[in-house]
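1. Sharing a sequence plus its predicted fold:
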Amino acid sequence: MGEWKRVFTDPRRIGAVVLILLLSAAFFLVGKMDFFGRGSITSLTDGEAYYSHLTERFRGKDLDEIGTILNDEAELLNSYHMQLMGVEDLMTFPPEEVAAWIAEDPLLSSVSDLDDELKLNIVRTLENRVAELTEELEYIQGYDAYIEGVQEQARLQSQTALFKDENTFVHRNLVKTAEEFATMRGIQVEFGANRGIQQWVEFELADYLYLLLIILFVFSFLQERKAGLWGIIRDTRGGRWRMGVHRAAILAVVSVGGVALIFGSNLLISLSLSGGWEDMGRSVQSLEIFRTLTYHITVGEWIAQYLLLKAASGFMVGLFLWCLLGSISSVQFSLSVLCVTLAAEYALFAFLPVQSILNPLKYFNIFSYIRTSKLYTEYLNIDLFGYPFGSRRLALIWLPIFAGCFLTWAILLQHFRRPEGNRSLLPFLANMWNKFLDFFRRHFTIGGWELYKTLFYQKVLIILLVILVASGSLNFIRYSRTLSNDSWYDAYMTDLQGPLDDEYTDAYLTLARSKAEENPELLSAIDRVEARVETLRDRAEQGGYQPWIVSSTDPYDSIMGDPSQDLQHLNAAFSMVFIALCCAAMWAYEQQSGVVYMLRSLKGGRGGVLRRKLLCALVMTALVWAAVYVREFQAFAKFFHPTDIASPLGNFDKFQRAPFPGMTMGQLMAVVYTARFVMLFLVAMMVMFISEHSPTVEASYILNLVILGLPAILYALGIEFLGYLSPVEAVSAAEGFWTLATSGQYKGLIPLAVWAVVGIAALILNCRKWVKTGSGVRA
Amino acid sequence: MELELKNLTKTYGKLTALNNFSAVFTPGIYGILGANGAGKSTMMNLITDNIKRDSGSIIFDGEEILQMGDRFRSVLGYMPQQQGIYEHMTAESFVTYIGRLKGLRGKALSSEVNSVLELTNLDNVRHKKVGGFSGGMKQRVLLAQALLGDPKVLILDEPTAGLDPRERVRIRNFIKELAKNRIVLLATHIVSDIESIADEVLLMKKGQLLRMDPPAELIAAIPDTWTPVAFRLNLEDVYLYFLGE
């Protein structure tokens, strides 16, 4: 029992398991959201409630009736959408009818107090749910035709000259496919609540988190090697095969428990939100993702079978990894060997062509047994000696064989493997690799060393790669459009856009008037343009800047103004999390390594190290800023008018009250982007301050994410009071400068000033603590 | 060259770690003996300016070390007691990194790195990560870094702990060689290390300096009546007699 207690009561391991479960549930919920930002949680719960309500309403109804209801719902939602957008002309139903429908609908009437932006988000979500149900309806209606089509296609193809030869894999495959799909003829597919199960099956991250959980426990079996206790354990009575048996049993419990906790909890969450408990008795083919599954089974039976397969696969994969890592004598190479093995397996799983001669490596692969849903959602026959074999059947047949072999191997290893005197090529290879690296590291400057330590020893390079990928899915633009209701006026203004040249403008308008040929619409538009030009000239003369004909502020509002405020906050919050991840280890790594006293006794160990650390923080800031805000600028650059950027602010109606009307739009944007950079750097200083007070790297990550990351994300998600505790608004910066430019009030810059002071204080404290005489930094 | 500690006092709350401690060091080896909590490490941390003193001064060649700052640190070599080390680095990387922080560069750096690695018998494992080293090997890496840059003041806190007898003798002889033109402060629990190489021994108890004399004088100071055994007295007896351990 000692081994069970050791493995299951280690606080760090318990913490890691809890973290895995939280991540799984959190990302699953985020995956269910139609968007991420302010109001996303309300939209999620309302959308799911609406979906459950509709599917409940459809129970017992025939498909035509369902189709009619869905169509009506879609049109009503679309009308409401148009009304909220302010384009009532495009509404299919009149506003009164929409209002009556909303009043009757308990869900929509309950959100009628929210602001238009939130309502619009909810309506978009509901529209998506209706679209999903419509797709499901089409699938159900077309299932029989699909089954017939597959058989017909197989029959026709097998008769063509190319595939006619009966001794080839292709011909046999076509025959087998047709036969298997023929068994599905007449199967009853029924309409029901599919969303909960479908999303649960498609949530890939849970598979990888489950693998992580298994790895976590496999590593616990190597702990005695790391602690130098291998010999002692092996010399005890129960330290050999008995220990192996206990560990195999622990792995089995972890595999089953992991499935119950990770997949079970997600299934519960999903079904509780989207419904579907009553639809478990339908054939599994009622869900579109299983259209190619060719055996008869109900949804409920399939879930039970799937969970069992997951647990068995997890156990087998765990045994394999235990055998692999247990075979390595030098425990310091375990992580490298694991990473290389997983990378190679994933490459084979993801990139090897389906009909490659090496495809057994693709299907008898760790990831095939981890991504088990693919065995049910993808119909595939593998070419084995010219005969087609179903990939699922093969995987299932081999699973117990693999598990048995690895179990035996693992127990034998535990019994026979000696701690010392094993021959291994790994230390030699590692030595060669280090020799190669040392050749370059010999030439590093102090700055080079600090950057290298940050990127490689603190693993920030991996974090940066994750940031690069994650920032790709950030959203920056919330389209804002003010309609002038005069397309001719808009066309003339677009033609004249740019610095206002009196001579050219007058000539253009005279020509336009002559060509208008008494068309009252055109003439009215020209009158409006002339009036506008006059206004701009007068305003510029009073303000002392150059008049300019500009497009509206819509492009700028879409990215920096009020409509996109929630996105700005969210992106600022993510930037803060990214900075925290990049800089959290900077000082904590020194504390954890216990080198502080030694470094501080060196000539360049105080100011020298500090300056280089700050430089590293600056580099990290630049990279995070580029990953988020250069992307934002790229998104913005696609749709703003290039000449506007040089126009003085006073020419924009919205910025008439700007205290500096002569400043150009480009300069204002440069100020905003610079402020964001500076604020991000100051946040990095706060991160480093926390890092300097953390005894370990782990503690620093946790503290930084709790103190800086979490409040930022929660504020961005709509928990308003956290705005006072988090520098999100200051990092976002646009809000403050936009308020200044539109209203002339400086109050929007208060958060920026306050948090800048906090950041500067953190910078000063960082410097004092490291450099100051006898500051008593922890050794 | 002279390092003078004048009336140094350091307290941690109610505990007085160093009490009005004074000593003058000129080139030579100074062995520091004392039980745990006697104030040896506190004294070393005050000289390396890692902790803040309550009162007193530390003068190097007539100048307060706090005023000297980096100038003092450039003549200092420090090997801490804790085996704090960057475990991800190879032995060569670690020593090179510290060499950089000591202001060495180019050929001077690589030649010094090679020389200290050879001296501490780490040459054959220079490309291995120090995280995989035994306690004794880590000790040698720390000693190697302290020797870089030709330090005038060398502070060694338990330099031979964890070393095998042959290594210990080798390092001991090397320290003896080094001490010709520099001040070496050597704190250790291995009394025989000090006995054979120290020019003077500092006996510390409860933050105070009991005696500071050459080993022979200390041995001679033990009265005949105390002698617990019949054979020749050595520094272990000095430790037991003066420190009452």
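-> Done, it's in. Because the structure is a prediction, the values reported are computed rather than measured.
2. Could you list the low-confidence segments of chain A?
-> Screening chain A residue by residue with the criterion pLDDT under 70, one finds the ranges A:1, A:480-485, A:553, A:773-779.
3. Could you find the closest non-adjacent residue to A:Thr294?
-> Counting by C-beta to C-beta, 6 or more residues apart in numbering or on different chains, A:Thr294 lies nearest to A:Glu180, which is 4.1 Å off, once chain neighbours are set aside. In this view, the C-beta of every residue, glycine as well, is placed from N, C-alpha and C.
4. burial of the one you found, as a residue count?
-> Counted by other C-beta atoms under 10 Å in any protein chain shown, the residues lying close to A:Glu180 total 19.
5. and what of A:Phe428?
-> 9.
6. which ones are touching residue 68?
-> Assuming you mean chain A. The contact partners of A:Thr68, taken as C-beta atoms under 8 Å, 6 or more residues apart in numbering or on different chains, number zero.
7. That was the other one, I meant chain B.
-> Residues near B:Met68 by C-beta under 8 Å, 6+ apart: B:Phe60.
8. Give me the pLDDT value at it.
-> Here, the pLDDT recorded for B:Met68 equals 93.
9. Tell me who's in contact with the residue in the stretch 201-350 of chain A that chain B sits nearest to.
-> Taking C-beta to the nearest C-beta as the measure, the point where the stretch 201-350 of chain A comes nearest chain B is A:Gln332, at 5.3 Å. Applying C-beta under 8 Å, 6+ apart to A:Gln332 gives the contacts B:129, B:131-132.
10. Of those residues, which is the nearest to A:Gly15?
-> Taking C-beta to C-beta as the measure, A:Gly15 lies nearest B:Gly131 of the contacts of A:Gln332, at 23.2 Å.
11. residue contacts, that closest one?
-> A:332, B:87-88.
12. Serialize the residues you listed to TSV and add fields for distance to A:Met688.
-> Output for these, formatted as TSV (distance: C-beta to C-beta, whole Å):
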residue	distance to A:Met688
A:Gln332	29
B:Glu87	22
B:His88	20
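13. any idea how far the residue nearest the centre of chain B is from A:Pro555?
-> The central residue of chain B, meaning the one whose C-alpha is nearest the mean C-alpha position (C-alpha atoms, centre = their mean), is B:Leu156 at 2.0 Å. B:Leu156 sits 68 Å away from A:Pro555, going by C-beta to C-beta, to the nearest Å.
14. Shouldn't A:Gly718 be within a helix?
-> No. With DSSP: H, G, I helix; E, B strand; the rest coil as the criterion, A:Gly718 is located in coil rather than a helix.
15. That one - how many residues pack around it?
-> When counting by other C-beta under 10 Å, one arrives at 16 neighbours for A:Gly718.
16. For the strand or helix carrying A:Phe440, buried residues please.
-> The secondary structure element spanning A:Phe440 is helix A:426-441 (assigned by DSSP states H and E). By neighbour count with 16 or more other C-beta atoms under 10 Å in any protein chain shown, helix A:426-441 contains the buried residues A:430-431, A:434, A:437-438, A:441.
17. Please report how far the residue nearest to the centre of chain B lies from B:Val184.
-> The gap separating B:Leu156 from B:Val184 is 7 Å, by C-beta to C-beta.
18. Which residues are in contact with each of those two?
-> Taking C-beta under 8 Å, 6+ apart as the contact criterion, the common neighbours of B:Leu156 and B:Val184 are B:Ile175.
19. that older thread, please state the backbone phi and psi of the residue of the stretch 201-350 of chain A closest to chain B?
-> The phi/psi pair for A:Gln332 (degrees, to the nearest 10) reads phi -70, psi -20.
20. from chain B, which residue is nearest to chain A?
-> Ranked by C-beta to the nearest C-beta, the top residue of chain B for proximity to chain A is B:Gly84, at 2.8 Å.
21. which other residues reach the helix or strand where A:Ile215 lies?
-> Taking DSSP H and E as the definition, A:Ile215 sits inside helix A:204-220. Taking contacts as C-beta under 8 Å, 6+ apart, the residues outside helix A:204-220 that touch it are A:6-7, A:10, A:13, A:16-17, A:20, A:23-24, A:27-28, A:31, A:250-251, A:254-255, A:258-259, A:262-263, A:266, A:310, A:314, A:317-318, A:321-322, A:325, A:334, A:338, A:366, A:370-373.
22. Around chain B, which positions in the stretch 301-450 of chain A sit nearby?
-> Counting by C-beta under 8 Å from any C-beta of the partner chain, the residues of the stretch 301-450 of chain A lying close to chain B are A:330, A:332, A:427, A:430-431, A:434-435, A:437-438, A:441-442, A:444-446, A:449.
23. and with 10 Å instead?
-> Residues of the stretch 301-450 of chain A found near chain B (C-beta under 10 Å from any C-beta of the partner chain) are A:330-333, A:427, A:430-439, A:441-450.
24. returning to what we had before: residue contacts, the residue nearest to A:Thr294?
-> Shown here is A:Glu180, whose contacts under the criterion C-beta atoms under 10 Å, 6 or more residues apart in numbering or on different chains are A:150-151, A:154, A:292-295, A:379, A:381, A:390.
25. partner residues bridging the residue nearest to the centre of chain B?
-> Note on B:Leu156: beta-bridge partners by DSSP bridges are B:Met79, B:Leu186.
26. Against which helices or strands is the lengthiest helix in chain A packed?
-> Identified as the longest helix of chain A according to DSSP state H is helix A:116-159. Under the contact criterion of 3 or more C-beta pairs under 10 Å, 6 or more residues apart in numbering or on different chains; DSSP states H and E, helix A:116-159 touches helix A:40-58, helix A:63-85, helix A:106-110, helix A:169-182, helix A:195-202, helix A:565-583.
27. What segments of the stretch 451-600 of chain A are helices?
-> Residue ranges of the helices in the stretch 451-600 of chain A, as given by DSSP state H, counting those that start in this stretch, are A:460-471, A:487-496, A:502-516, A:520-543, A:554-560, A:565-583, A:585-593, A:596-600.
28. Tell me the gap between the helix or strand following the last one and the middle of its chain.
-> Using DSSP H and E, the helix or strand that directly follows helix A:596-600 along the chain is helix A:607-625. When distances are taken as C-alpha atoms, centre = their mean, to the nearest Å, helix A:607-625 is centred 27 Å away from the chain's centroid.
29. Quick check: buried residues in helix A:607-625?
-> For helix A:607-625, the buried set under the neighbour-count rule, 16+ other C-beta under 10 Å, comprises A:608-614, A:616-617, A:619-621, A:623-625.
30. helices and strands around it, which ones?
-> If contacts are counted by 3+ C-beta pairs under 10 Å, 6+ apart, helix A:607-625 sits against helix A:446-452, helix A:460-471, helix A:565-583, helix A:585-593, helix A:596-600, helix A:665-692, helix A:750-771, helix B:91-101.
31. quick one: which of those helices is nearest A:Val87?
-> Taking C-beta to C-beta as the criterion, helix A:565-583 is the member of those that comes nearest to A:Val87, at 22.1 Å.
32. Say whether chain B is contacted by the closest one.
-> No. Using C-beta under 10 Å from any C-beta, helix A:565-583 stays clear of chain B, with a minimum separation of 17.8 Å.
33. and the residue of chain A nearest chain B?
-> Closest contact between chain A and chain B, by C-beta to the nearest C-beta, is at A:Gly594 (2.8 Å).
34. Look up the closest residue to that residue, ignoring the ones flanking it.
-> If you skip the residues right next to it in sequence, A:Gly594 has B:Gly84 as its closest partner in space, 2.8 Å away by C-beta to C-beta, 6+ apart.
35. quick revisit: please identify the deepest-packed of the helices and strands packed on helix A:116-159.
-> Per-residue neighbour counts averaged over each of the helices and strands packed on helix A:116-159 give the maximum for helix A:565-583, namely a mean of 26 (mean count of other C-beta atoms under 10 Å in any protein chain shown).
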